[in-house]
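**Q** Provided below are the primary sequence and the corresponding predicted coordinates.
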Amino acid sequence: MYTGNNKKIVATVEARMTSSRLPGKVLFPLAGKPALERLLERVRTSAYVDEIVVATTTNHADDPIVSLAKRLNVTYFRGSEDDVLSRVLLAAQSVQGDIIVEITGDCPLVNGELVDRGIEEFFSHDVDYASNTLPRSYPDGFDVQVFPVAVLAEVDKLTQDPIDRVHVSLYLYSHPERFALHGWLPKEHEHFWPDLRVTLDEKADYELVGLIFERLLPVNKNFGVSEVLTFLRNNPQLLTINKHVKTKKTIEG
């Protein structure tokens, strides 16, 4: 819960096994633990998040994700695979959440410190949506989006476009004439690196992110953005590992 506010903050973590480019990636091991477990451990260090909900699907293929959530005593919700907007909305409503911190399972480097920065940015501005992707300033893989459950419920009634339903908050941040938006930038100049990929989309991404965990975990188990970027700047040869990977366009789903 954010200081001086009684709204329940819920971090929703979208996760499924049927990724088109790297199936099963959320359970790929990173320094000995599944990527999703690493992410949940890191988000749990947030000072403001009241509850985490793993938002997965009703597909049997996603049963291992549910098993992981149960083992870690993390709440889970099962919904539509394609209508991710409804899945995230219902996941937040299932625990009576007021504010959503939207995180995707392919961003295992997100940690509590970054989540808390997003929450602080949201509450310190009179807005409907706050994100560090508007415009992108942090590397791809450190995405944090914060917005009220009530606003997503409003969006749910406004659009049935499949692209909007897949991307959850796309309609929200694509309509600045209706919704107040706030994009937050890194406090430290050296954190500005929008062209860098540290997300899990393809095998090459997994190789790079795996190296980051193996090298930084022994030093600091909750390492953050600064440590990751310093490590990569000191080891520029690693950037060639996934340099060829193209980020999917929004229209591709």
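**A** Everything's here; your move.
**Q** so where's the longest helix in this structure?
**A** Ranked by residue count under DSSP state H, the longest helix found in the chain is helix 203-216.
**Q** Which strands or helices does it pack on?
**A** Packed against helix 203-216, as judged by 3 or more Cβ pairs under 8 Å, 6 or more residues apart in numbering; DSSP states H and E, are the following elements: strand 29-30, helix 225-234. Using the backbone N, CA and C atoms, a C-beta is placed for each residue, glycine as well.
**Q** Any idea how many residues pack against the closest residue to T133 other than its chain neighbours?
**A** What sits nearest to T133 in space, not counting adjacent residues and going by Cβ to Cβ, 6 or more residues apart in numbering, is D143, at 5.3 Å. For D143, the neighbour count with other Cβ atoms under 10 Å is 20.
**Q** D143 touches V101, doesn't it?
**A** No - taking contacts as Cβ atoms under 8 Å, D143 lies outside contact range of V101: 10.8 Å.
**Q** can you pull out the helices in the stretch 1-150 of the chain?
**A** 35-43, 63-71, 84-93, 112-123, 149-158 (DSSP state H, counting those that start in this stretch).
**Q** Can you dump the C-alpha atoms of the fourth one in PDB for me?
**A** Translated: helix 112-123. The C-alpha trace of helix 112-123 is given here as PDB (Å, rounded to 0.1, in the frame of the first residue of the first chain):
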ATOM      1  CA  GLY A 112      10.600  -4.300  -6.500                       C
ATOM      2  CA  GLU A 113      12.600  -1.100  -6.700                       C
ATOM      3  CA  LEU A 114      11.500  -0.500 -10.300                       C
ATOM      4  CA  VAL A 115       7.900  -1.400  -9.400                       C
ATOM      5  CA  ASP A 116       7.900   1.000  -6.500                       C
ATOM      6  CA  ARG A 117       9.300   3.800  -8.700                       C
ATOM      7  CA  GLY A 118       6.300   3.200 -11.100                       C
ATOM      8  CA  ILE A 119       3.800   3.300  -8.200                       C
ATOM      9  CA  GLU A 120       5.400   6.500  -6.900                       C
ATOM     10  CA  GLU A 121       5.200   8.100 -10.300                       C
ATOM     11  CA  PHE A 122       1.500   7.100 -10.600                       C
ATOM     12  CA  PHE A 123       0.500   8.500  -7.200                       C
END
